[in-house]
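*Asks:* mind folding the following:
(chains A, B, C and D)
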4 protein chains.
Amino acid sequence: MTARYDFASDNVVGAMPEVMRALTQANEGAVTGYGGDAISARAADLVRELLDADVEVRFTASGTAANAVALAALAGPHEAVLCHEHSHVATDEAGAPGFFSGGAGLIPLPGAAGRIDPNALGDLLAQPDVSYRQSPAALSLTNATEFGAVYAEADLAALTRMAKARGVKLHLDGARLSNAVAAGFDIKSLKALDIDIAVLGGTKAGSTPSEAVVFFDKSLSRRLDARLKHAGQLVSKARFLSAPWIGMLEGGAWTTRAAHANAMARRLAERMPFPLTYPVEANGVFVTMDDAALKRLREAGWFAYRFLDGSVRFMCSWATTAEAVDELGAALQGIA
Amino acid sequence: MTARYDFASDNVVGAMPEVMRALTQANEGAVTGYGGDAISARAADLVRELLDADVEVRFTASGTAANAVALAALAGPHEAVLCHEHSHVATDEAGAPGFFSGGAGLIPLPGAAGRIDPNALGDLLAQPDVSYRQSPAALSLTNATEFGAVYAEADLAALTRMAKARGVKLHLDGARLSNAVAAGFDIKSLKALDIDIAVLGGTKAGSTPSEAVVFFDKSLSRRLDARLKHAGQLVSKARFLSAPWIGMLEGGAWTTRAAHANAMARRLAERMPFPLTYPVEANGVFVTMDDAALKRLREAGWFAYRFLDGSVRFMCSWATTAEAVDELGAALQGIA
Amino acid sequence: MTARYDFASDNVVGAMPEVMRALTQANEGAVTGYGGDAISARAADLVRELLDADVEVRFTASGTAANAVALAALAGPHEAVLCHEHSHVATDEAGAPGFFSGGAGLIPLPGAAGRIDPNALGDLLAQPDVSYRQSPAALSLTNATEFGAVYAEADLAALTRMAKARGVKLHLDGARLSNAVAAGFDIKSLKALDIDIAVLGGTKAGSTPSEAVVFFDKSLSRRLDARLKHAGQLVSKARFLSAPWIGMLEGGAWTTRAAHANAMARRLAERMPFPLTYPVEANGVFVTMDDAALKRLREAGWFAYRFLDGSVRFMCSWATTAEAVDELGAALQGIA
Amino acid sequence: MTARYDFASDNVVGAMPEVMRALTQANEGAVTGYGGDAISARAADLVRELLDADVEVRFTASGTAANAVALAALAGPHEAVLCHEHSHVATDEAGAPGFFSGGAGLIPLPGAAGRIDPNALGDLLAQPDVSYRQSPAALSLTNATEFGAVYAEADLAALTRMAKARGVKLHLDGARLSNAVAAGFDIKSLKALDIDIAVLGGTKAGSTPSEAVVFFDKSLSRRLDARLKHAGQLVSKARFLSAPWIGMLEGGAWTTRAAHANAMARRLAERMPFPLTYPVEANGVFVTMDDAALKRLREAGWFAYRFLDGSVRFMCSWATTAEAVDELGAALQGIA
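*Replies:* Predicted coordinates:
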């Protein structure tokens, strides 16, 4: 029996129909390369509309690259990035921020459900600059978090204000920002929050590989194309990275399909016999499950990961069907 | 009037039908990510068949990344890469080899039509290692070259033997390797030539953004996925980078469509009123044309680049039609 | 009143007379630069004698540079270095290992008194290589440790064997190796322990700025001078970095003066009214002291640091006098 | 017979008596480390006096490190540094600028006697920023040049104005600035020239290894100590790098001994039977000499280098004696 990856992650599925159609349309004709084409311009316009902000936009093939390019623009090699101890940049990117920045450090901060604890942030920001330590130049925030939580705007604002008061710049890892938006987060607030660079997730939202890197602080985007080029992130046929965003944003699929994923996660939570580790606010369901149960689940044909906090994770996506949720629910009932 | 980009580069066109079909097929279902899927395995197998060699294969979204990852695996930051002075790695990648390697240098070598002059290589390799200079650790070769030339195997072998005799490793930039193969180059000779890492071009051959990085020397591929991950080159939905290769290789389109591109270049050469700078051996036509003529060409609606050697370049691709060639031919006749 | 720095660190004092004499002698005449001189050759020979090993030796101006050059030779940018969570490389070098390696990560391990806990090492080494994590390529050990402990050879051998069994290379930070040797550690055991690169501390031992970087694995030292040069660590007047080692090693002062420092630490421990945090095995005395007491100590004219483990540290050096120890002892009695 | 290195370089000799005395004086007592000491403060004050400018000053052990730290502060990894094609940063530092910056490129410019040709600079600065090229962020100037020339202030000002007009920052490699000053260059003009970071040479001027890195633009020196620390350039016993500057600057020896070196070069030029390649303006004498003559010179016991421009170089230093000049002159007469 082949394992079913349906819930292993929100990146195990393919691309939504709107994206595939956009790719097919974008495939026509000869256009200038490296992002100078009309398709890329249109996609960037749609991102600006979405954010209601005059931002610089580029598209990369991987979220790791998007985050790392952003962080390298915010922190020097002798400086550090503050992030949640279980954030993607800290635990899942094989040191990419350090590589792209030439050695910038990561300072992990604790906090429940992937949200950064404001007290821990405050303590860290209160430390003096000293020569033997990489002092914080940037704060990386994730919304929705790695553990399926969505920041309340006031909570996020508390963190961003603390950082900015110390001269620390702001990065948003929005790999699952669509899920946060579907859960009620106002994406137009990013501007007011004074985020410097945000990454808007395409891949997990239902695109072929594409992430939008958004420079709210345009002074940081000087010679950005050369920066992307030398980091291997400026592709010649750029329309294939930008077209998916036309597919996702023109008709609102980026958000509506995220709402579907969130709804599927709630449906799964309702059928879940194992205790939830965190409230289900976006498209992830985290539960307490021992190794024996996880083994039985895999033997029953389903693949799921144990996560860094010890919980077992089930992710829903744009492609998750109610039937699959119910099947998994039944399987879980069978092994609980 | 909008400029026609038909001949501006072989990356201004979209993807061939075989690739789009493969992408559509690959879009089905949930599969494991980061290259562990059956589609990526199948694509790698096809590359191994093509090369008749037991190689390690990965797919990246950009050729710059593919080259830079390869060169960083071959040369330390205190070492250098030998390359043609007009090679893509030297002139078109915004310093990517230096960035990925943490500072490795490039040593440019002369040579006609983008081929490296063996005497210049010999002189360079004869220099002693000294502390104040980055000594060569790798030789980067390009086939077909930036100027549309195809190495004769004996010429290539002469260069590779000189390098290997000095302990210098070998990189092949094969962004247009399909065109070289269509022109008669035996791709299976790469193994005998003792190439360490080759990049097989997908994008210019007619793919959506995808290049194959091929490790002939598998000892260099230890922890390769982590290396790709931290360089932002390991995408989660890896099937969208590998599927194009199934489309291009299963039915031989990678080569047959390159043969078409080469034929279109020869057709253009026949209609060309400006003197050819180099023999047309692959899919590029380089001509001697002064600025006034180039201006008239652009005014006539066609876009073409002046290249580093001073010539004006016209590139044909899988998508170039005989009609477009004839139209351009007529336009050129009109301005000559 | 000016603070007295006598015990703030073992690097607050000047150089021992043997070193100053060696510098004066080395100052004569014109000699070839960059380490090709007879003085540097003699110093390297003395290091080889000390270690009874055929090693490659270079001298750098800072311990941070020495460690970072060594670690960059052992771990790639996509790999990690295992080290004690309170080691100098982890806490006091502002990210130098990441900078010199182009992004290698540090994985902190726990352990009492600065020694690495073998169980923690075992657990870490048992983790599989995965693409999203920097896997360990090197283990960094410190002897004497940051907390004044000296490894028993069997304990050190247990760690090194575990590492080597997994293919993990070995770095020794010997900033205070002279103190460990004076405390009984057999420096000739480094060879049998299969250390790949060791740093022998000069500065804290009583030199002007100079550390010896010792390559037991000579294959790692290929093009070492270029590596040092491009890292800004190959000075032209190299004799001024190597001569101190003639002064320290010819007559044994490197060890005998470390023995004096160790003895001074024991003397201070005897006079110490605050509880010792760790046994005094080398030249550091760590005590439990609250902030109020530390404040009184500073008001009494003495400077001491609170360390990462919460203890307050007093360091003795080659220059520490019994009188100064007794003065400090009396001051401590007065504030206890 | 042992080769005499007297004229091989100005870094083959030891340190001047003023430096050795300053080191001996600085050796007394316990002081705080890492540059927080009174000796380092005094040395920095003397540099500020010399320059008549409110600058940030640090001292490094090597000129390569000093230049590379400076250039890394001026150019991002996706940018480039303009420099003379035969400058030290381009030809003698094993790629250090690329290493310290994480991959910044060098763009070599031509010019007679090591001075940058203003027309070549103008052409380069007129090029548009494009994504595939590292555009210039900094211009590196050398005075005295690698070929013993001293810039007239108007010539230097012409270059600096062109750069600044394009937003390109300025680095001065002053490894032999003392010789330029002794030849009439007004060091106080550096401020008016709007140099951003200058390196003042200590080593070749007659110090033990020490160079002063001077930040005219203090905004670039934020977190400078951490930057130096993580680059392995912040030594604990910092007084040994700063004290030489007290020795050299308090009594004016930095300049007066450079004047002596310059005078010795003129004396050698007067006795020189081979034709001078360049006018002797500082402490170097460059001559046209074929290989056979150079071989005879070495057989006669003298060591001299053939330089990148093909000339043979003789360098005078603070330690060069009139007797040695006359001896060499006689030897040259004998082989001419």
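*Asks:* any idea how far stretch A:6-26 is from the chain center?
*Replies:* Average the C-alpha atoms of stretch A:6-26, do the same for its chain, and the two points are 16 Å apart (C-alpha atoms, centre = their mean, to the nearest Å).
*Asks:* just the CA trace of that stretch, in CSV.
*Replies:* Extracted C-alpha coordinates of stretch A:6-26, given in CSV (Å, rounded to 0.1, in the frame of the first residue of the first chain):
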residue,chain,number,x,y,z
ASP,A,6,-3.1,14.1,1.6
PHE,A,7,-2.5,15.7,5.0
ALA,A,8,1.3,15.5,5.3
SER,A,9,1.6,19.1,4.3
ASP,A,10,-0.2,21.8,2.3
ASN,A,11,2.6,21.5,-0.2
VAL,A,12,2.0,17.9,-1.2
VAL,A,13,-0.8,18.7,-3.5
GLY,A,14,-0.7,20.2,-7.0
ALA,A,15,-1.8,23.6,-8.2
MET,A,16,-5.3,24.9,-8.2
PRO,A,17,-7.1,25.1,-11.5
GLU,A,18,-6.9,28.9,-11.6
VAL,A,19,-3.1,28.7,-11.5
MET,A,20,-2.9,26.0,-14.2
ARG,A,21,-5.1,28.1,-16.4
ALA,A,22,-3.0,31.2,-15.8
LEU,A,23,0.1,29.3,-16.7
THR,A,24,-1.4,28.0,-19.9
GLN,A,25,-2.4,31.6,-20.9
ALA,A,26,0.9,33.0,-19.9
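*Asks:* tell me which residues in it are buried?
*Replies:* Within stretch A:6-26, the residues that count as buried by 16 or more other C-beta atoms under 10 Å in any protein chain shown are A:6-16, A:18-20, A:22-24, A:26. Using the backbone N, CA and C atoms, a C-beta is placed for each residue, glycine as well.
*Asks:* go back to these and keep what's next to chain B.
*Replies:* With C-beta under 8 Å from any C-beta of the partner chain as the criterion, the subset of these in contact with chain B comprises A:6, A:8-9, A:11-15, A:20, A:23-24, A:26.
*Asks:* and the top helix by length along chain A, average pLDDT?
*Replies:* In chain A, with assignment by DSSP state H, the single longest helix is helix A:253-270. Computed over helix A:253-270, the mean pLDDT rounds to 98.
*Asks:* hey, C-alpha coordinates of it in PDB?
*Replies:* What follows is helix A:253-270 as a C-alpha-only set of coordinates in PDB (Å, rounded to 0.1, in the frame of the first residue of the first chain):
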ATOM      1  CA  ALA A 253      -9.000  32.300  -5.200                       C
ATOM      2  CA  TRP A 254      -5.900  32.900  -3.000                       C
ATOM      3  CA  THR A 255      -8.300  33.700  -0.100                       C
ATOM      4  CA  THR A 256     -11.300  31.700  -0.900                       C
ATOM      5  CA  ARG A 257      -9.400  28.500  -1.400                       C
ATOM      6  CA  ALA A 258      -7.500  29.200   1.900                       C
ATOM      7  CA  ALA A 259     -10.900  29.600   3.500                       C
ATOM      8  CA  HIS A 260     -11.700  26.100   2.200                       C
ATOM      9  CA  ALA A 261      -8.500  24.700   3.600                       C
ATOM     10  CA  ASN A 262      -9.300  26.300   7.000                       C
ATOM     11  CA  ALA A 263     -12.800  24.800   6.900                       C
ATOM     12  CA  MET A 264     -11.400  21.400   6.200                       C
ATOM     13  CA  ALA A 265      -9.100  21.700   9.200                       C
ATOM     14  CA  ARG A 266     -12.100  22.600  11.400                       C
ATOM     15  CA  ARG A 267     -13.900  19.600  10.000                       C
ATOM     16  CA  LEU A 268     -11.000  17.400  10.800                       C
ATOM     17  CA  ALA A 269     -10.800  18.800  14.300                       C
ATOM     18  CA  GLU A 270     -14.400  17.900  14.800                       C
END
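*Asks:* going by residue numbers, what spans are helices in the stretch 151-300 of chain A?
*Replies:* Using DSSP state H, counting those that start in this stretch, the helices assigned to the stretch 151-300 of chain A run over residues A:153-165, A:177-182, A:189-192, A:224-230, A:239-250, A:253-270, A:291-299.
*Asks:* so what strands line up beside the lowest-mean-pLDDT helix or strand in chain A?
*Replies:* Counting by mean pLDDT, DSSP states H and E, chain A has its least confident helix or strand at strand A:305-306, which shows a mean of 94. Sheet partners assigned to strand A:305-306 using DSSP bridges are listed as strand A:312-315 (antiparallel).
*Asks:* pick out the residue of the stretch 51-200 of chain A closest to chain B.
*Replies:* Closest contact between the stretch 51-200 of chain A and chain B, by C-beta to the nearest C-beta, is at A:A65 (2.7 Å).
*Asks:* might you report the residue contacts of that residue?
*Replies:* Residues near A:A65 by C-beta atoms under 8 Å, 6 or more residues apart in numbering or on different chains: A:96, A:100, A:211, A:231-233, B:231-233.
*Asks:* go on, A:M289?
*Replies:* Neighbour list for A:M289: A:274, A:297, A:311-312 [criterion: C-beta under 8 Å, 6+ apart].
*Asks:* got the CA coordinates for the helix or strand containing A:N119 in CSV?
*Replies:* Mapping A:N119 onto the secondary structure by DSSP states H and E places it in helix A:118-126. As requested, the backbone C-alpha atoms of helix A:118-126 are provided in CSV (Å, rounded to 0.1, in the frame of the first residue of the first chain):
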residue,chain,number,x,y,z
PRO,A,118,6.4,39.6,23.9
ASN,A,119,8.2,39.4,27.2
ALA,A,120,10.9,37.3,25.7
LEU,A,121,11.2,39.8,22.8
GLY,A,122,11.4,42.6,25.3
ASP,A,123,14.1,41.0,27.3
LEU,A,124,16.2,40.3,24.2
LEU,A,125,15.7,43.8,22.8
ALA,A,126,16.8,45.3,26.2
